[in-house]
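1. just a sequence and a predicted model for now, questions to come.
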There are 2 protein chains.
Amino acid sequence: MNTENTAKKDERNLYLKNEDLDAAVEKYLALLSFDATEQQCHFLAVTEAQGWVTKEPVFARISSPYYNASAMDGICVDAMAMIDVDERHPKILVKEKDFNFVDTGDVITDPYNAVIMIEDVVIKDDKQVSINGPVALWQHVRPIGEDIVAGELIIPAFHCIRPMDIGALLAGGITEIEVIERPKVGIIPTGTELVEVGEHMSVGKIIDSNTHMFAGLVKEYGGQPNRYPAVRDDYDLIKKAIAKAADENDVVLISAGSSAGTEDYTRKLIEELGEVVVHGVAIKPGKPVVLGIIRGKPVIGIPGYPVSAYFVFESFVKPIILAFNHQTVNKGLTIKAVLSKRLMSSLKYLEFVRMKCGRVNDTFVATPLDRGAGVTMSLVNADGILKIPKNVEGYDAGEVVEIVLMRPQEEIENTLVSIGSHDVLMDIVANIIHKNRKIMSLSSTHVGSLGGIMAIKKGECHIAPVHLLDEETGVYNCSYLKRYLEKEGAVLIKGVKRTQGMMIPKGNPKNIRGIEDLTRDDISFVNRQRGSGTRVLLDFLLKKNAIESATILGYTREMNTHMMVASAVKSGSCDVGMGVLSAANMMDLDFIPIGDEEYDFIVLKKNLNDPRVQTFISVLKSPEFAEALNQLGGYGFENPGEIVEV
Amino acid sequence: MNTENTAKKDERNLYLKNEDLDAAVEKYLALLSFDATEQQCHFLAVTEAQGWVTKEPVFARISSPYYNASAMDGICVDAMAMIDVDERHPKILVKEKDFNFVDTGDVITDPYNAVIMIEDVVIKDDKQVSINGPVALWQHVRPIGEDIVAGELIIPAFHCIRPMDIGALLAGGITEIEVIERPKVGIIPTGTELVEVGEHMSVGKIIDSNTHMFAGLVKEYGGQPNRYPAVRDDYDLIKKAIAKAADENDVVLISAGSSAGTEDYTRKLIEELGEVVVHGVAIKPGKPVVLGIIRGKPVIGIPGYPVSAYFVFESFVKPIILAFNHQTVNKGLTIKAVLSKRLMSSLKYLEFVRMKCGRVNDTFVATPLDRGAGVTMSLVNADGILKIPKNVEGYDAGEVVEIVLMRPQEEIENTLVSIGSHDVLMDIVANIIHKNRKIMSLSSTHVGSLGGIMAIKKGECHIAPVHLLDEETGVYNCSYLKRYLEKEGAVLIKGVKRTQGMMIPKGNPKNIRGIEDLTRDDISFVNRQRGSGTRVLLDFLLKKNAIESATILGYTREMNTHMMVASAVKSGSCDVGMGVLSAANMMDLDFIPIGDEEYDFIVLKKNLNDPRVQTFISVLKSPEFAEALNQLGGYGFENPGEIVEV
């Protein structure tokens, strides 16, 4: 908890600049040196050299084959002695005088200079064979050096060694090779609030996960990570740590403290120890990056939010590690995809938006994931990145955009796209699919039931999980299909019955009994987002009980999933929220049931035979699925996977 | 050297089948089990888990953030106390009573429930601030679990762990994770002729390079290579080695001995120890593969030719290693390219042709590399693979074909494509480019000078190295441009003068004095391929000296490069060959000069400003290039890089 006085506040680095990404990268890299003649190098056995980068071109020391070798199984002969042979004048050859048997790879040497395939030889007896045609000089003989000639270039300098290069190098007589030392990247976690992995966790503490992600990325791009113990927010301690790391490494990363807060020391410290080249780049997330140089070495202050940290690493640290290895940054694979919803972005920043992608009816569709800089899961779940350039205010739904892929395109093509309401059972289905049907995966985006119907209508998903109560009839889902998807022709895949209710802390400390208690002054509520089935249910209940939403404290505080509501109740940041029994069970909360609802899946008739949809249905029908639901509790089901025409 | 009697010959496995690749893979994999419940697994620290595959889905143990946290630098307040505040009714807040300063990430806890950004706060003095607007409940507060909610799925089962997964797992309170043991792949080199890496090399010996390539590929695809010492061609020894390897590994590879020769024991041995599923697949190279099963474990006999070995590994071993890791084989990236020359293929085989690719004037052009199964360098140099299906007899020049890439597309786009005559200086240029201009690379294909002119004409390359003597004028290169490229508009980039002559063994044992000696009975010659400048020169000299080519022993024996001719002379497989002085020097041969020739580069005028061509010219002009040529010897040069209009 921060209790500094205002004097300290004056030390904020309020004046971050907003440099363009490309210009910042170019300016920074131009000031750094990656001269191979100054780099550390060492010799390595070729058999251990995979993934290392050559310092010099490598030329073959010996030829391969090392001798003239038979290219066939057969007999070796002297071609000059066969000149007159033809079908009318066959010739008998005597073993060890006129010929010898050879297998592929055997030496062909004086007096022999050609090979006849065994299929073309008539074997007379143990000692004699007959041939009935002439033989070309050096026929079926692999000449010395056919593969590699001594002195020939095998691989150039600055080449990253692959398995086939190892084969060629060994065949060319090379056993040791000089490689460029991988750059050492020192990683300094900073922050008084950090706990190390495995240490006791408590409120106010943060597990230092970013620096371990950095270590992984450093390895992936060809560097040696060198992670230091976390340093608390103390100016002098951090200064010492940076100076030490700059001594011991080729690159230094300082995790957190790069912004303009009271405890953001990175900029000032780099200025003291060296020079700050850039502070603040026009990217989002990732703006408050510090690019500095201490004694010629790149020292980078990386913001603490995990997603910001990732994009800063990719934008600045990756090119530096690759430059040390004399490799170039490739742009990565892209697909063109239709944007499933409008996406606005600040004109002031280049924004990296994490996207879920899928192919529905031969079109790639891309849906943005959570854009918060703190949402690591948006990185984990992303199929690709949409870059919205600076000075572009965003894209409309339906526009075709370019996505840089984070997963192979084939995996995306084999993904069942679900957009709609959230339930933990989608995780269960995803996992059963993943375990049993290796080919396919499930991508599940949570935008609420009505959002799901819209996505089906726009052809953005294969299935839409929904639980929508018809206020007039009291029946779930069917009337919505009729109302919104009559023209498209949709059916329902039956899912589960689940119990909706009010989630409250264990023991019900505030003695909540029902919906009418929500208006109490001492009760703070947390709501679900508009368009979610749970919100529709709540509003139905409020109407039925003649309760004004404005009288409910927290009615406007929206969360996107059952689990987030349960988590808010669990944490004490509210007293009650609406959600399903399974979520309450998972969070060990008490629960006041309100009623059972039906959670089904909409699919267009024309997509019903899509193999991905069929796999999904078979999972719903599987005993594994039933068992998992029973374990979780809070679900009823009769015929999951049944098709219901409306 | 093979000296078996004919009785032994009867043991050849003459009856290889010719199964289709896809059918063979499917049949084989269907007989193998990759059931996760039977696989070895172990726990690993999450920080060490990069690249490993999860056994079970992983759910978050704790929420992240673990508490309600400030999302901004600013002050935390009780929103309920600010309801009436607006610009006309600002409110003074007292520190530690009404508010506290917070940095991003600080805990927000009772009585505070909202954060006001520091920019919206007027600081009065050390103890007081003023605000002039209302505050929404939980404004600028990151709720518990905004990133990850306890109980939420972080990554599914069978997921290969990436750096960002490590970050998310740690943030979700996971420190250890159960991963699937990487399959152990036993690799048995067989062959009496093998020498181990680093051992003394002699005629008849082969360095065992394939199994080291296998070890690298096993690592790359997620297995643990376990390479055994080489076993000589002894039935019982190999049997013992296979039995032991099948005990100790999940997969066994037997290198060489998979075909139908006398010493090809693999098939018989697998039959004895287990079962042979397939012997012989309709692929080229790679046909004589043996797919067997011993005690439920895949045991694969891999042919000894390096390129065959590679494609057999990719076709059969890779999918098995991936299946153990529950990963799927991706087809890989492809480009559409125009074929630069006709490519015929057997109807009986699916053929894998290694291709060089480049982009010339917005079109990708693909040129086949050497198709021999023994030519490892065709793998090292390949940009991609063209698969010619079974029952397709090939493709015509100009046809658009699909190439599966082995290098990133961007690298191919940044490649200067040279097709034409061979000289070792092309290696030197390639290396200087590689070292100084990281962005660009040089792809050099050797088809002779006339082939180079044709390639320029068809738009298949950027430059064509040529050395073509005009028999009438005695002038090099210029007249050929006029004759063949008048319409296209080409110029010459001046290269070097080089000395052509006859390469002979050190000491000239057969006392060769000039071109007239080629007709001698005791002299065997080796020629260059038709279309090469050296061949043109030879034929010119023969004509001039009134020598019939039929009188020269070895006139029809063709080799593709100077170095291969030099190598043939060096090895004693011929007495003399034509080539350049630099090649003779590199091979330590004697040399009878015949004359100087000009080795220049043709480029179309319209491509002269292509940045790749400009880079090439700047290398020719560089002091590094001159120095390298001087070291090599045998070259003269005046103004390399000069443009000559014809």
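-> Okay, I see it.
2. could you check the distance from the spatially closest residue to residue A:147 that is not a sequence neighbour over to residue A:547?
-> Once flanking residues are discounted, residue A:147 sits nearest to residue A:64: 4.5 Å by CB to CB, 6 or more residues apart in numbering or on different chains. Using the backbone N, CA and C atoms, a C-beta is placed for each residue, glycine as well. Going from residue A:64 to residue A:547 by CB to CB, to the nearest Å gives 85 Å.
3. right, and the residue nearest to residue A:147 touches residue B:305 too?
-> No: shown here, residue A:64 and residue B:305 do not form a contact pair, counting by CB atoms under 8 Å, at 11.6 Å.
4. pick out whichever of these two has more residues nearby.
-> Applying other CB atoms under 10 Å in any protein chain shown to residue A:64 and residue B:305 shows that residue A:64 carries more neighbours, namely 30 against 26.
5. who touches that one in this structure?
-> Under the criterion of CB atoms under 8 Å, 6 or more residues apart in numbering or on different chains, the neighbours of residue A:64 are A:145, A:146, A:147, A:148, A:171, A:172, A:173, B:207, B:376.
6. can you tell me the element residue A:144 falls in?
-> Take DSSP states H and E as the rule and residue A:144 turns out to sit in neither a helix nor a strand.
7. I figured it hits residue B:573, correct?
-> Yes: using CB under 8 Å, residue A:144 makes contact with residue B:573 at a distance of 6.7 Å.
8. any common contacting residues for those two?
-> Taking CB under 8 Å, 6+ apart as the criterion, residue A:144 and residue B:573 both touch residue A:68.
9. least confident secondary structure element in chain A?
-> helix A:6-9 (a mean of 36; mean pLDDT, DSSP states H and E).
10. the closest residue to residue A:384 other than its chain neighbours: what secondary structure?
-> Distances taken as CB to CB, 6+ apart put residue A:403 closest to residue A:384, at 3.8 Å, once the chain neighbours are dropped. Secondary structure, DSSP: H, G, I helix; E, B strand; the rest coil: residue A:403 is strand.
11. list the residues that contact residue A:403.
-> Neighbours of residue A:403 in contact, by CB under 8 Å, 6+ apart: A:334, A:335, A:336, A:337, A:355, A:357, A:364, A:366, A:383, A:384, A:385, A:386.
12. what of residue A:409?
-> Residues near residue A:409 by CB under 8 Å, 6+ apart: A:333, A:335.
13. cutoff 10 Å now
-> Shown in contact with residue A:409 (CB atoms under 10 Å, 6 or more residues apart in numbering or on different chains): A:333, A:334, A:335, A:357, A:359, A:364, A:383, A:384, B:330, B:331, B:333.
14. so how far is chain B from the fourth one?
-> For residue A:357, the distance to chain B (CB to the nearest CB, to the nearest Å) stands at 16 Å.
15. can you check the pLDDT for that residue?
-> Looking at residue A:357, its pLDDT is 91.
16. with just CA atoms, put whichever strand or helix holds residue A:540 into CSV.
-> Following DSSP H and E, one finds residue A:540 within helix A:533-544. Extracted C-alpha coordinates of helix A:533-544, given in CSV (Å, rounded to 0.1, in the frame of the first residue of the first chain):
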residue,chain,number,x,y,z
GLY,A,533,-29.0,-14.9,-20.3
THR,A,534,-28.4,-14.4,-16.6
ARG,A,535,-29.0,-10.7,-17.0
VAL,A,536,-32.2,-11.4,-18.9
LEU,A,537,-33.3,-13.7,-16.1
LEU,A,538,-32.5,-11.0,-13.5
ASP,A,539,-34.4,-8.3,-15.3
PHE,A,540,-37.4,-10.7,-15.7
LEU,A,541,-37.4,-11.3,-12.0
LEU,A,542,-37.0,-7.6,-11.1
LYS,A,543,-40.0,-6.8,-13.4
LYS,A,544,-42.0,-9.6,-11.9
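17. for that helix, buried residues please.
-> For helix A:533-544, a neighbour-count test (16 or more other CB atoms under 10 Å in any protein chain shown) marks A:533, A:534, A:535, A:536, A:537, A:538, A:539, A:541, A:542 as buried.
18. turn the residues you listed into JSON lines, including pLDDT and distance to residue A:512.
-> Shown next, in JSON lines, are the buried residues of helix A:533-544 (pLDDT from 0 to 100; distance: CB to CB, whole Å):
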{"residue": "A:533", "pLDDT": "84", "distance to residue A:512": "22"}
{"residue": "A:534", "pLDDT": "90", "distance to residue A:512": "17"}
{"residue": "A:535", "pLDDT": "91", "distance to residue A:512": "19"}
{"residue": "A:536", "pLDDT": "87", "distance to residue A:512": "21"}
{"residue": "A:537", "pLDDT": "88", "distance to residue A:512": "17"}
{"residue": "A:538", "pLDDT": "92", "distance to residue A:512": "14"}
{"residue": "A:539", "pLDDT": "91", "distance to residue A:512": "19"}
{"residue": "A:541", "pLDDT": "90", "distance to residue A:512": "14"}
{"residue": "A:542", "pLDDT": "93", "distance to residue A:512": "15"}
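19. for chain B, state which of those residues is nearest.
-> Checking the buried residues of helix A:533-544 against chain B with CB to the nearest CB, the nearest one is residue A:534 at 15.9 Å.
20. chain B contacts on the stretch 351-500 of chain A?
-> Neighbours of chain B within the stretch 351-500 of chain A, by CB under 10 Å from any CB of the partner chain: A:370, A:372-382, A:406-411, A:414, A:424, A:426-428, A:430-435, A:438-442, A:444.
21. among those, which lie within helices?
-> A:376-380, A:409-411, A:426-428, A:430-435 (DSSP state H).
22. what subset of those is buried?
-> Members of those classed as buried by 16+ other CB under 10 Å are A:376-380, A:409, A:411, A:426-428, A:430-435.
23. from those, pick the one nearest residue B:399.
-> residue A:409 (25.1 Å; CB to CB).
24. tell me the pLDDT of the closest one.
-> On the pLDDT scale, residue A:409 gets 89.
25. which ones are touching the residue positioned nearest the centre of chain A?
-> In chain A, the centroid-proximal residue (CA atoms, centre = their mean) is residue A:406; its distance is 4.8 Å. Applying CB under 10 Å, 6+ apart to residue A:406 gives the contacts A:332-333, A:354-355, A:357, A:379-385, A:412, B:162, B:164.
26. not counting sequence-adjacent ones, nearest residue to residue A:180?
-> When the adjacent residues along the chain are set aside, residue A:180 lies closest to residue A:53, with 4.8 Å between them (CB to CB, 6+ apart).
27. against residue A:178, how distant is the one you found?
-> Residue A:53 sits 10 Å away from residue A:178, going by CB to CB.
28. can you list the domain ranges for chain A.
-> Domain assignment for chain A by automatic domain parsing gives A:6-34+A:183-324, A:41-64+A:147-180, A:69-142, A:454-645.
29. could I get those as TSV with distance to residue B:555?
-> TSV is the format used below for the domains of chain A (distance: least, CB to CB, whole Å):
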stretch	distance to residue B:555
domain A:6-34+A:183-324	51
domain A:41-64+A:147-180	22
domain A:69-142	10
domain A:454-645	62
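30. returning to that earlier point: what touches both of residue A:64 and residue B:305?
-> In contact with both residue A:64 and residue B:305: A:142, A:147, B:374, B:375, B:376, using CB under 10 Å, 6+ apart.
31. enumerate the residues of the stretch 501-646 of chain A near chain B.
-> A:524, A:526, A:553-554, A:556-557, A:559-568, A:570-574, A:582-583, A:585-588.
32. the stretch 351-500 of chain A: strands as residue ranges?
-> Taking DSSP state E, counting those that start in this stretch to define them, one finds strands in the stretch 351-500 of chain A at A:363-368, A:384-388, A:394-395, A:400-405, A:415-420, A:441-446, A:463-466, A:490-504.
33. any chance of these in CSV, with mean pLDDT too?
-> CSV is the format used below for these (pLDDT from 0 to 100):
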stretch, mean pLDDT
strand A:363-368, 92
strand A:384-388, 97
strand A:394-395, 95
strand A:400-405, 96
strand A:415-420, 91
strand A:441-446, 83
strand A:463-466, 96
strand A:490-504, 94
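34. would a markdown table of those strands with distance to residue A:118 be doable?
-> As requested, the strands of the stretch 351-500 of chain A are exported to a markdown table (distance: least, CB to CB, whole Å):
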| stretch | distance to residue A:118 |
| --- | --- |
| strand A:363-368 | 55 |
| strand A:384-388 | 56 |
| strand A:394-395 | 68 |
| strand A:400-405 | 51 |
| strand A:415-420 | 53 |
| strand A:441-446 | 52 |
| strand A:463-466 | 62 |
| strand A:490-504 | 64 |
